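>>> build me a model from this:
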Amino acid sequence: MIFDPKVILDHLPEIASGALTTLWIWIVGMLLGAALGFLVATGRRYGGRLLDLPLGLAVEVLRGTPFLIQIFLVYYGGPYVGLSLDPIPCGLIGLTIYAAAYCSEIFRAGFAAVPHGHVEAAECLGLSRFQIVRRILLPEMALIVLPPFVNLAVILLKESAVLSIITVPELTATVSAIGSQQYAFLEAIFVLAVIYWVIVEAAAWTGRMAETRLNKLRFAAP
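Okay, here's the model as predicted:
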């Protein structure tokens, strides 16, 4: 077998399209998952047992089952309950819910890491719960949750390859199809590894830059 880079060069437009699909599904899924996870964490913290128990159970189920199984349930099980989705919306919804479960735990740990005395001081000043979250908890926990959040983003990027199973035309599905059609399996695996590595390194670099900026803002003189 001879490694033939021409196979990859001849299909660069298709590969670029698959990479863009992976990127936008990953970024949108991560952002929506973070927003939903924050709402879940806030609900569990301030909603009492009435919200904490069902939300906690849902988070444990989502964290305790493989993403592949969850996607299968949404895509193939959805029609049984009247939910028929195309591959891309299904993949985005699945990725969002999966990310939300882990983001909620990251935010919950961030809430717990903020000194309780700061919250008590805000309550003594008469701040509402919304104001406490926005002006006390969020700024103080931002630096705490950023490293695990970036780590989760990297994991979610790699998990997005699972969406190829339900025919989402993302990077893995596109490159695998090219490899199968051209009998260029080694080339396909190589280009997949390189592209995912580049995206992961870019995400990690962005996270480090954001952490440095937050550190500067945190310790800047008033």
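>>> any weak-confidence spans in this structure?
1, 216-222 (pLDDT under 70).
>>> where along it do the helices fall?
With DSSP state H as the criterion, the chain has helices at 5-10, 12-46, 48-64, 67-77, 87-113, 116-124, 129-132, 138-159, 171-182, 185-219.
>>> most tightly surrounded among these?
Most buried of those, by mean neighbour count (mean count of other CB atoms under 10 Å): helix 87-113, with a mean of 21. C-betas here are computed from N, CA, C, even on glycine.
>>> for the residue minimising distance to the centre of the chain, what are its contacts?
Nearest to the mean C-alpha position of the chain, by CA atoms, centre = their mean, lies Met30 at 3.4 Å. By CB atoms under 8 Å, 6 or more residues apart in numbering, the contact set of Met30 is 95, 99, 152-153, 156.
>>> just the closest of the residues you listed to Ser176, please.
Of all those, Ser176 sits closest to Leu95, with 18.9 Å by CB to CB.
>>> any idea how far the closest one is from Thr167?
In this view, Leu95 and Thr167 are 15 Å apart by CB to CB, to the nearest Å.
>>> same question, Gly179
Counting by CB to CB, the gap from Gly179 to Thr167 is 16 Å.
>>> swap in Asp10?
From Asp10 over to Thr167 the distance is 23 Å, taken as CB to CB.
>>> repeat that for Gln181.
With the distance defined as CB to CB, Gln181 ends up 16 Å from Thr167.
>>> Ala142 too?
Distance of Ala142 to Thr167, given as CB to CB: 38 Å.
>>> got the contacts of Met30 as TSV, with distance to Cys124 columns?
As requested, those are exported to TSV (distance: CB to CB, whole Å):
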residue	distance to Cys124
Leu95	42
Ala99	36
Leu152	35
Ala153	37
Leu156	40
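>>> Glu201: which of the residues you listed is nearest?
Closest to Glu201, out of all of these and judged by CB to CB, is Ala153, at 12.5 Å.
>>> just checking, that closest one touches Ala202?
No: judged on CB atoms under 8 Å, Ala153 makes no contact with Ala202 at a distance of 10.8 Å.
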